[in-house]
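Asks: Task: produce atomic coordinates for the following.
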Amino acid sequence: MACFVYEGMILFGIGLVPGAIGALFTALTGQTHPLQSDTALRVIAYVIYGVYFTWFWSSRGQTLPMQTWNIRLVMLSGQPLSQGKALMRYLASSAWFVPAVVIAQINHWSRWEALLAVTVGVVAYALLALLHPQRQFWHDALCGTQIIDTPPLKRRR
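Replies: I've put the predicted structure just below:
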């Protein structure tokens with residue numbers, strides 16, 4: 001979960017990119033574009049996050065926070081993930097928050113109510129791992145992936 005929090009901080013920074021592009025467009029042109037709506041910015045951020053995770057998981061098996069916590073994502077066989085499998089895992093891992101976001105949108109909840117719903121959804125999803133025989137997250141079970149410990153790299157002196 002500590003890796004999850006660290007990943008959230010990095011995603012916050014990455015998520016600023018679509019907003020900055022939209023703000024720059026408005027500042028330079030004085031016009032607002034349909035792609036600057038809240039929904040469009042969320043979709044663009046979701047796609048950017050997908051590229052981030054898919055690339056790191058398929059090329060290295062680790063994002064920066066995963067490297068920090070010495071964990072790696074691999075197939076159950078121990079093989080690295082293909083881009084297709086990494087994308088599948090990214091889409092499946094949306095179960096952490098998408099149900100709460102959809103419910104908040106349907107019910108027209110305020111941002112704070114939506115944030116509370118997402119928080120409850122994330123905690124509930126994390127607790128669901130306790131029901132899995134290997135204490136695995138369900139998106140990993142669905143995709144045939146697992147998180148393994150990796151030994152830290154030794155520094156040269």
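Asks: ok, which stretches of the chain are helices?
Replies: 2-29, 38-59, 64-68, 83-92, 98-106, 111-128, 138-143 (DSSP state H).
Asks: Run the chain-centre distance for the longest one.
Replies: Relative to the centre of its chain, helix 2-29 is centred 13 Å away, using Cα atoms, centre = their mean, to the nearest Å.
Asks: quick one: that helix to helix 38-59, angle?
Replies: Inter-element angle recorded for helix 2-29 and helix 38-59: 130 degrees (by axes from the mean of the first three to the mean of the last three Cα atoms, to 10 degrees).
Asks: same question for helix 2-29, mean pLDDT?
Replies: Mean pLDDT, computed over helix 2-29, is 79.
Asks: can you tell which of the helices of the chain is closest to residue 75?
Replies: Residue 75 lies closest to helix 83-92 among those, at 7.0 Å (Cβ to Cβ). All C-beta atoms are positioned from the backbone trio N, CA, C, and that covers glycine.
Asks: Alright, calling it a day.
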